[in-house]
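# my questions are about this predicted structure, shown below with the sequence.
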Amino acid sequence: MRRALVLAEEAGAAGDVPVGAVVIDASGRVIGEGRNEREATGDPTAHAEVVALRRAAEATGSWNLDGCTLVVTLEPCVMCAGAVLQSRVPRLVFGAWDDKAGAAGSMYDVVRDRRLPYRVEVVAGVRDEEASAVLRAFFDARR
């Protein structure tokens, strides 16, 4: 989570919503990382999670990231929750809850929906106060 928080700060400094993510393989090595890049790239899908998953898939040479863990500073949205499922990541760790658009237990629970063929273990609230503070500072500065 420490690295994801650094990436979130970098995103905020670049004018994007401060969210950072890392993908860790089964041995604990970071194989992909990302931060929100929507403003920087003009890509509406450039959320931190999607960027990190793409980089991890590139590093492994496979879209199937079974055995990996995605660590992100903010609860994923519906799009990112879908990307987690599609990449077969079995474990999601996140910091702050997103009570407006979260899809891993707050508004929705896409990653553990029993109607879907694949479900994800969720570990929520890791360093949530720090992750929330980064977001709060970003939005307070824009008000």
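It's in. Worth saying up front: this structure is predicted, and the values here are computed from it rather than measured. Numbering: from 1, shown residues only.

# for the closest residue to residue 66 other than its chain neighbours, what are its contacts?
Excluding the flanking residues, the one nearest residue 66 by C-beta to C-beta, 6 or more residues apart in numbering is residue 88, at 4.6 Å. (Each C-beta comes from the backbone N, C-alpha and C, glycine too.) Residues near residue 88 by C-beta atoms under 8 Å, 6 or more residues apart in numbering: 64, 65, 66, 118.

# most neighbours out of the residues you listed, which is it?
Using other C-beta atoms under 10 Å as the neighbour criterion, residue 65 leads these with 23 neighbours.

# quick one: secondary structure of that residue?
Under DSSP: H, G, I helix; E, B strand; the rest coil, residue 65 falls in the coil class.

# okay, helices next: where are they in the chain?
For the chain, helices defined by DSSP state H occupy the ranges 2-13, 38-41, 48-60, 78-87, 128-141.

# deepest-packed of the ones you listed, please.
helix 48-60 (a mean of 22; mean count of other C-beta atoms under 10 Å).

# who's in contact with that one?
With contact meaning C-beta under 8 Å, 6+ apart, helix 48-60 is reached by 4, 7-8, 11, 19-23, 25, 31-37, 63, 65, 68, 70, 72-74, 76, 79-80, 83-84, 87, 89.
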